[in-house]
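Visitor: 3D model of this:
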Amino acid sequence: MKLSIAASAVSFVLLAATSTSAFSPSAIIPSASSLSSSALRMATLEDTVAVPTTSSFLSPESARAAIDAVGSPLYAYSLPKLEEFADNCLAFPNAYGLTVRYAMKSSPNGAILSYFHSRGIHIDASSGYEVRRAMEAGIPAENISLS
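Guide: Have a look, this model is predicted:
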């Protein structure tokens, strides 16, 4: 397992794994009947999120190792799935000079931005903040479209 960690308030982990789907915890939403009718109560973590029990690319041991390495919460990404998406986009017929761009609003993680840049994918940013973040991840300004 390869860990690439970006420093931020929330940890991100880019995992090289043999499977192709991302880890997705299941959420449990409290029912309306479990809430007091006279007052709303603040939901606790135990009320709203179940501890994940399965993953399509993380074993319980590798999930625990990732949490132990960087803390929680963290987001884990499948590098093979990112590679597959990059390959599919880059294989799109390009008769008119189209440029493949990653909409960084979907995940502004520096490791993901750097990976897509290494594949020749440009970045679509929606704000000055996103432009700055992309440039901090090593993306040259000429490869960033501010829209």
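Visitor: quick one: classify the nearest residue to residue 125 once chain neighbours are set aside as helix, strand or coil.
Guide: Leaving aside its chain neighbours, residue 125 sits nearest to residue 131 (4.7 Å; criterion: Cβ to Cβ, 6 or more residues apart in numbering). For every residue, glycine as well, the C-beta is placed using N, CA and C. Assigned by DSSP: H, G, I helix; E, B strand; the rest coil, the conformation of residue 131 is helix.
Visitor: and the strands in the protein?
Guide: With DSSP state E as the criterion, the chain has strands at 5-6, 11-15, 74-78, 101-103, 122-125, 144-146.
Visitor: need the least confident one among these, by mean pLDDT.
Guide: For the strands of the chain, mean pLDDT drops lowest on strand 5-6, to a mean of 39.
Visitor: in stretch 106-121, which residues are buried?
Guide: Using 16 or more other Cβ atoms under 10 Å as the test for burial, stretch 106-121 gives 108, 109, 110, 111, 112, 113, 114, 115, 116, 117, 119, 121.
Visitor: pull the most distant pair out of those.
Guide: 108 and 119 (17.2 Å; Cβ to Cβ).
Visitor: any low-confidence regions in the protein?
Guide: Scanning the chain for pLDDT under 70 picks out 1-53.
Visitor: let's see 90
Guide: Residues of the chain meeting the criterion pLDDT under 90: 1-64, 66-67, 70-78, 81, 93-98.
Visitor: picking up where we left off before, looking at the buried residues of stretch 106-121, which is nearest residue 139?
Guide: residue 117 (5.2 Å).
Visitor: from residue 59, how far off is the closest one?
Guide: 30 Å (Cβ to Cβ, to the nearest Å).
Visitor: count the residues that sit near residue 100.
Guide: 17 (other Cβ atoms under 10 Å).
Visitor: repeat that for residue 103.
Guide: Other residues close to residue 103 by other Cβ under 10 Å number 13.
Visitor: all helices of the chain, in order?
Guide: 45-48, 60-70, 79-90, 110-118, 128-136 (DSSP state H).
Visitor: could you say what helices and strands the third one packs with?
Guide: Packed against helix 79-90, as judged by 3 or more Cβ pairs under 8 Å, 6 or more residues apart in numbering; DSSP states H and E, are the following elements: strand 11-15, helix 110-118.
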